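Chemist: Quick one: sequence plus predicted model below, questions after.
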Amino acid sequence: MEYLNNPEGRGMISRRSVLTASGLAVVSAAFLTACSGGSALPQATSGGNGAAAKAGGTLRIARPPASKAETLDSASSLSAYEYLGALYNRLVRLDDKGAVQPDLAESWETSKDALTWTFHLRKGVTWHDGKPFTAKDVVYTFGHILDPGTKSPQAGVLSPFITAKSAAAKDDTTLVVTLTSPNAEFASLMTGYNCYIIPDGSGGTIGQSGIGTGPFRLASFTPAGPGKIVRNDAYFGDKPKLDSIEFSSIPDTQARVNALLAGQIDLISQTNLDYATSQTVLASSIATVSPVKNAQWYTVPMLNTSPEFKDPNVRLALAHAYNPKDVMQLSVHNNGTVARNNPVPPTEAYYLDYGLDYDPELSKSLLKKAGMDSMNVDIWTSTYDSVLTPLALAMKGSVENSGFTLNVKTSAADSYYTDVWMKKPLMTSYWYTGRPIDQLLNQIFRSGSSYNENAYSNPQFDKILDNARATVDDAKRKTLYQDAQKLLIDDGGSLTPFFADRLVGLSKKVAGYKEFGFEFDYINIGLAA
């Protein structure tokens, strides 16, 4: 799940527009089409016609309107994140293989105890208003993220081992961060989209000014409305291909698709096309679909505090009760990767190739071990995301021979994440991939985390994560994170059938389209010659 506008900071999420009843009809059509078989979509991952982008031009992007309180403050849970990677830079960034790479920091090192981190910053970088970038700006950004008044989602990730006084500017190009507890993955946590660096003292104005160091600078911005960014010719890195990007807000998913098919826009943002709609787009003479590989992971949280799933034998029984290959076929028409209940993406450097297999007889045996011959339970879903309802229906059909009976219950999209999520014993949910493993496992599965949608709690699991954070040796730390994955899976802590490709609708004129985590490749995207 990627949840919007939560006071505790649950803002790492897609602001998809709420789908209407007509959207449910599209979902149902997609599900029936998937049931009939067929082939996966072509892998047009370069975007558009695959040609290199020419220099110049304006790209038109349509996105769902967010809150009227939407802001360009990247630390906020209401940030307009299509703008963020264009306007700002972070200390470090993740590449498409999940490795940490330089951004505003050219290099960095940590002490042997993983308590002190030193970042060496780029020289000659300027803000969009011409002022020089220095280490003081980074110090201020850390304080802004951790300020309770900011209500940043990243504050909960960083606060266990950093305070507002942890960062210090040794000089203009040297930043020293002293942690309160060891964390060998600290650099990777700086890659989050709430961690873009803003100017010293700009917290009160950054939400509208958008002054950053990024490849584009702000021309205009209206919360939940139109906006425009233009190329920053003073950018320190490779210059963007485009002259500008124009953003529009279109509330309804079908309206965004119609605008694409009419040639009124060039790209649909924050919208995972269902299979039926993707086929309509592919049949168009002017538009196409670009899959973003394993962009989202779909999960079926089992609330461990509920009477139904407090027994790990029951959780494991359900984990063995369904066939993930069938569920992926029925849910996303094979546009994804089977997960087998491991929530860590295969592209993650610390990924463990391990999971639970479909075994209906073992499922029945585990139910009997828990004192039951069978189990009848509701599985809640919604049209909030196009895959959630097909996922629930696929799970219902797949478990029929394993001792389980699932009754699909549909909740209103606009109340799903307030009335159902983390409240019902069994539900459907999803997340974006792209989180560093330390953030993924601690934020979503650690005991007591506000994002822990399974209410999973295992002191041994938490201890392994603490040990991993404190281990500087890369090989040993990898082993610990893999131990954590195995324990989580074997304890029935995660019911994750598959990772799904996000199906992005775009014009055939678009070239160089790539997306990873929460942002585009703003440098190479453009229009074909």
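Modeler: The structure has been received and is ready for your questions.
Chemist: pretty sure residue 56 is in a strand, no?
Modeler: No - Residue 56: not assigned to a strand; according to DSSP: H, G, I helix; E, B strand; the rest coil it is coil.
Chemist: What number of residues are in the vicinity of residue 369?
Modeler: If you count neighbours by other Cβ atoms under 10 Å, residue 369 ends up with 13. Yep, even glycine has a C-beta here, placed from its N, CA and C like the rest.
Chemist: Thought residue 354 was touching residue 486, still the case?
Modeler: Yes - between residue 486 and residue 354 a contact is recorded at 5.7 Å, counting by Cβ atoms under 8 Å.
Chemist: pLDDT wise, what is the most centrally placed residue in the chain at?
Modeler: The geometric centre of the chain, computed from its C-alpha atoms, lies nearest to residue 432 (Cα atoms, centre = their mean), at 2.4 Å. Here the pLDDT value assigned to residue 432 is 86.
Chemist: I'd like the numbering to begin with 632 instead of 1 from here.
Modeler: Sure thing, new numbering starts at 632, so read that last one as residue 1063.
Chemist: can you pull the buried residues of the longest strand belonging to the chain?
Modeler: Secondary structure of the chain per DSSP state E: the longest strand is strand 918-930. Going by neighbour count (16 or more other Cβ atoms under 10 Å), the buried part of strand 918-930 is 918-930.
Chemist: Lowest-scoring secondary structure element of this protein by mean pLDDT?
Modeler: Every helix and strand in the chain was compared by mean pLDDT, DSSP states H and E; the lowest is helix 652-666, with a mean of 35.
Chemist: next structured bit after that one?
Modeler: Counting by DSSP states H and E, the next helix or strand C-terminal to helix 652-666 is strand 689-694.
Chemist: Tell me the bridge partners for the residue nearest to the centre of the chain.
Modeler: Beta-bridge pairing for residue 1063 (DSSP bridges): residue 927.
Chemist: So it is in contact with residue 923, correct?
Modeler: No - counting by Cβ under 8 Å, residue 923 is not a contact partner of residue 1063; they are 9.9 Å apart.
Chemist: which SS state does residue 1119 fall under?
Modeler: Put simply, residue 1119 is helix when judged by three-state DSSP.
Chemist: Spatially nearest residue to it (excluding sequence neighbours)?
Modeler: Closest residue to residue 1119 apart from its sequence neighbours, by Cβ to Cβ, 6 or more residues apart in numbering: residue 1125 at 5.6 Å.
Chemist: which residues in the stretch 782-931 of the chain form strands?
Modeler: Applying DSSP state E, counting those that start in this stretch to the stretch 782-931 of the chain gives strands spanning 798-802, 805-809, 847-852, 858-862, 875-880, 898-899, 918-930.
Chemist: ignore the last one, the stretch 632-781 of the chain
Modeler: Along the stretch 632-781 of the chain, counting by DSSP E, counting those that start in this stretch, strands occupy 689-694, 723-725, 731-733, 736-741, 747-752.
Chemist: what's in contact with the fourth one?
Modeler: Defining contact as Cβ atoms under 8 Å, 6 or more residues apart in numbering, one finds that strand 736-741 is touched by 722-723, 747-753, 806, 815, 817-818, 1103.
Chemist: List buried residues within the residues you listed.
Modeler: Buried, going by 16+ other Cβ under 10 Å: 722, 723, 748, 749, 750, 751, 752, 753, 806, 815, 817, 818, out of the contacts of strand 736-741.
Chemist: how distant is the longest strand of the chain from the center of its chain?
Modeler: Offset of strand 918-930 from its chain centre (Cα atoms, centre = their mean, to the nearest Å): 12 Å.
Chemist: for it, packing partners?
Modeler: In this structure, strand 918-930 makes packing contacts with helix 906-913, strand 967-969, strand 1060-1063, strand 1129-1138, strand 1146-1147, judged by 3 or more Cβ pairs under 8 Å, 6 or more residues apart in numbering; DSSP states H and E.
Chemist: Identify the residues contacting the last one?
Modeler: Under the criterion Cβ under 8 Å, 6+ apart, residues 725, 726, 727, 923, 926, 1065, 1133, 1135, 1152 lie in contact with strand 1146-1147.
Chemist: so what's the residue nearest to the fourth one when sequence neighbours are not counted up against?
Modeler: This points to residue 923. Excluding the flanking residues, the one nearest residue 923 by Cβ to Cβ, 6+ apart is residue 1133, at 4.3 Å. Residue 1133 makes contact with 903, 922, 923, 926, 927, 1146 under the criterion Cβ under 8 Å, 6+ apart.
Chemist: for residue 875, same thing?
Modeler: Applying Cβ under 8 Å, 6+ apart, one finds that residue 875 lies in contact with 689, 690, 847, 850, 859, 860, 861, 862.
Chemist: same question, residue 1125
Modeler: By Cβ under 8 Å, 6+ apart, the contact list for residue 1125 reads 930, 972, 973, 974, 1076, 1085, 1087, 1119.
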